[in-house]
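Asker: model the following, please.
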Amino acid sequence: MSKVPEEVVAAVVTEVSQRMSEPAYAQVAIGTFVQEHPDAGRFITAHLDALGGGEGVMHTVFHAQVIDECFRRHRGGVGTVGFRELDLAAKGDAREILTRRQPALASYVASNVDDEAQRNLLALIAVAMDGAS
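Answerer: So this is what the prediction gives:
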């Protein structure tokens, strides 16, 4: 599977940063992710306590949507991430696997997410997306 180039990640992050001034943008991004990947949304929500509550869940889903958009731009889309893809991604160290398979996305997670539980979960989701593409 092809690696998402750093340029694609940078372009998506720039666009997202600009759109953050729109009042409803974050809510729409979160809703879009949950609609397109309902199992992944449930999986993230199941980690409510580890993520520090509802706000942590929303931040995680938002970053997952950014990662989804990076795959979409590079590959033209991502298959729906279901429990099967999540189970496969959970075999091994997701952060190490993401760094090897998708270094630009691993760098995005490391640079933009401070919470360790969110980083681990986003790495797993990104590995699942990589497999679903």
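
Asker: what's the local residue count around Pro38?
Answerer: Other residues near Pro38 come to 13 when the count uses other C-beta atoms under 10 Å. C-betas here are computed from N, CA, C, even on glycine.

Asker: distance of it from Val61?
Answerer: Remark: distance between Pro38 and Val61 (C-beta to C-beta, to the nearest Å) = 12 Å.

Asker: pLDDT score for the residue sitting nearest the centre point of the chain?
Answerer: Nearest to the geometric centre of the chain sits Ala64, at 2.3 Å (C-alpha atoms, centre = their mean). pLDDT for Ala64: 97.

Asker: contacts only, for it.
Answerer: Remark: with contacts taken as C-beta atoms under 8 Å, 6 or more residues apart in numbering, Ala64 is in contact with 33, 37, 40, 44, 122, 125-126.

Asker: and for Ala132?
Answerer: Residues in contact with Ala132, defined by C-beta under 8 Å, 6+ apart, are 78-82, 85.

Asker: just give the nearest non-adjacent residue to it, would you?
Answerer: Gly79 (3.8 Å; C-beta to C-beta, 6 or more residues apart in numbering).

Asker: tell me the SS of the one you found?
Answerer: Taken by DSSP: H, G, I helix; E, B strand; the rest coil, the conformation at Gly79 corresponds to coil.

Asker: ok so, going back, which element is the residue nearest to the centre of the chain on?
Answerer: helix 54-75 (DSSP states H and E).

Asker: buried stuff in that helix?
Answerer: 56-75 (16 or more other C-beta atoms under 10 Å).

Asker: same check on stretch 102-119?
Answerer: Those would be 102, 104-106, 108-109, 113, 118-119, for stretch 102-119 by 16+ other C-beta under 10 Å.

Asker: sounds good, over and out.
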